[in-house]
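*Asks:* When you get a sec, could you give me coordinates for this:
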Amino acid sequence: MKEFIKSNTVTYNLMSFTGFKSLMLFSLLLESPKSYSEICEFFKNHDYIKEEISIDTLRVYLTSLKRSGCEIIRTKKEEGGKYKLISHPFELKISDEQLKSIAKIYRIILKTVDITGVLALEKFLRNLAEKVKNEKLIETVQKVSVFKGIDLQLLEDLIKYSKQKMRLTLLYNSPKSGKKEVHIIADNVAITQNKVYIYGTSLDYNQESFFLVQRILKVLEAEPQDNDNSVEVKKFTIGYELMSLNPNTKLSEDEKIVDINENSIIVEVETSNLFMMKRKILEYGPQCRVLYPDEFRAEIIETLQKMREGYLDE
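*Replies:* Numbers count the residues shown, from 1 in each chain. A predicted model of the protein is given here:
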């Protein structure tokens, strides 16, 4: 230690010669199988070692690793004759019970943190699964993941653009019309019912919209929003009656109770997203009745009739 403090230089006097080189060899084989010439090149270019090693010396280091519990083989000549690390005693072992706990923790975090937190956990688990090469862990992550089929780099870009409220041109694979361009002022990326959506203002329809991130193929353009060219969003006022209010029912910030009757309440909401409103009304089931406007009420009735006809056809 005194020598190191004095010179600030690592020399062989400060380390176990065999132990240090054995650890360097272990680190090298962790990356991928290596031939004798590749190992020599590594040691020759190392900051501290700076010398090649003989085949006999290499066998000494390999023996040291094997005695510590490593399984190392040499591949056939036609496969390059490389030294390959099969297993080692430093591998992280994950039991079936621990895998269940990981899945449980993922589901809890999914319900309690925003998408950036879930994404951070997902990336950590994917990286861990890759490092430890645990197939069961990989399967567990794939099973609970809400990001199936999503490019994580694309997702990170969408989150960044949403925070900056940027105008985006997306190449979107619509289930009805196929690949097409959609234009949106991004507002938020969030997980809803275990699906990842980007929310914002559609520049094609001048209303609040959302798109399934899994169907976004590419971001074609991302531009700052022009304050001098604001978008006038169409708003609709919808009134509906709730026959009973479940304790878990939460009204949005845009909704307000305008009347309270003996067995029901009247709710009014101003929205530009009729699709989301329609889905919410249908989720209430028979406990909800649309009062106005007439066009939206007629659309709900038509949807319910089509649903009924679908059952009558059986």
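
*Asks:* what residue ranges in this structure are flagged as low confidence?
*Replies:* 1-17, 226-233, 245-249, 313-314 (pLDDT under 70).

*Asks:* How is it partitioned into domains?
*Replies:* 2-87, 96-144, 152-223, 236-312 (automatic domain parsing).

*Asks:* any idea which of those domains is most buried?
*Replies:* Of all those, domain 152-223 carries the top mean neighbour count, a mean of 16, counting by mean count of other CB atoms under 10 Å. (Each C-beta comes from the backbone N, C-alpha and C, glycine too.)

*Asks:* Check which helix or strand residue 108 maps to.
*Replies:* Applying DSSP states H and E as the criterion places residue 108 in helix 96-112.

*Asks:* Touching that helix from outside, list them.
*Replies:* Outside helix 96-112, the residues that touch it by CB atoms under 8 Å, 6 or more residues apart in numbering are 94, 117-118, 121, 125, 136-137, 140-141, 143-146, 191, 194.

*Asks:* for the stretch 151-300 of the chain, what spans make up the helices?
*Replies:* Residue ranges of the helices in the stretch 151-300 of the chain, as given by DSSP state H, counting those that start in this stretch, are 152-163, 274-284, 294-312.

*Asks:* Turn those helices into JSON lines, columns for distance to residue 54.
*Replies:* Shown next, in JSON lines, are these (distance: least, CB to CB, whole Å):
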{"stretch": "helix 152-163", "distance to residue 54": "46"}
{"stretch": "helix 274-284", "distance to residue 54": "72"}
{"stretch": "helix 294-312", "distance to residue 54": "79"}
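
*Asks:* Among the ones you listed, which comes closest to residue 59?
*Replies:* Nearest of those to residue 59, taken as CB to CB: helix 152-163 at 43.5 Å.

*Asks:* gap between that closest one and the chain center?
*Replies:* Distance of helix 152-163 from the chain centroid (CA atoms, centre = their mean, to the nearest Å) equals 11 Å.

*Asks:* now do stretch 150-158
*Replies:* Computed by CA atoms, centre = their mean, the separation of stretch 150-158 from the middle of its chain amounts to 8 Å.

*Asks:* And for stretch 35-50?
*Replies:* 39 Å.

*Asks:* OK, contacts around residue 56?
*Replies:* Taking CB under 8 Å, 6+ apart, one finds nothing in contact with residue 56.

*Asks:* separation between residue 183 and residue 44?
*Replies:* 57 Å (CB to CB, to the nearest Å).

*Asks:* ends of stretch 29-40, how far apart?
*Replies:* Stretch 29-40 stretches 13 Å from its first residue to its last (CA to CA, to the nearest Å).

*Asks:* Kindly report the same for stretch 122-140.
*Replies:* End-to-end distance (CA to CA), stretch 122-140: 11 Å.

*Asks:* Contacts made by that stretch with the rest, please.
*Replies:* Contacts for stretch 122-140 (CB under 8 Å, 6+ apart): 91, 92, 94, 96, 99, 102, 103, 106, 141, 145, 147, 152.

*Asks:* which SSE is the third one in?
*Replies:* Going back to what we said before, that points to residue 94. Following DSSP H and E, there is no helix or strand that holds residue 94.

*Asks:* which phi and psi does it have?
*Replies:* Phi and psi for residue 94, reported as degrees, to the nearest 10, are phi -120, psi 120.

*Asks:* so how far is residue 180 from the closest residue in space to residue 167 that isn't next to it in sequence?
*Replies:* Leaving aside its sequence neighbours, residue 167 sits nearest to residue 223 (CB to CB, 6 or more residues apart in numbering; 4.8 Å). Counting by CB to CB, the separation of residue 223 from residue 180 is 19 Å.

*Asks:* likewise residue 98?
*Replies:* 45 Å.

*Asks:* And residue 268, by the same measure?
*Replies:* Distance from residue 268 to residue 180, by CB to CB: 35 Å.

*Asks:* now residue 119
*Replies:* 27 Å.

*Asks:* before we move on, what about residue 75?
*Replies:* From residue 75 over to residue 180 (counting by CB to CB), the distance is 50 Å.

*Asks:* Pairing partners for the strand ranked longest in the chain, with directions?
*Replies:* Criterion DSSP state E: the longest strand present in the chain is strand 178-192. Using DSSP bridges, the strands paired with strand 178-192 are strand 167-174 (antiparallel), strand 195-202 (antiparallel).
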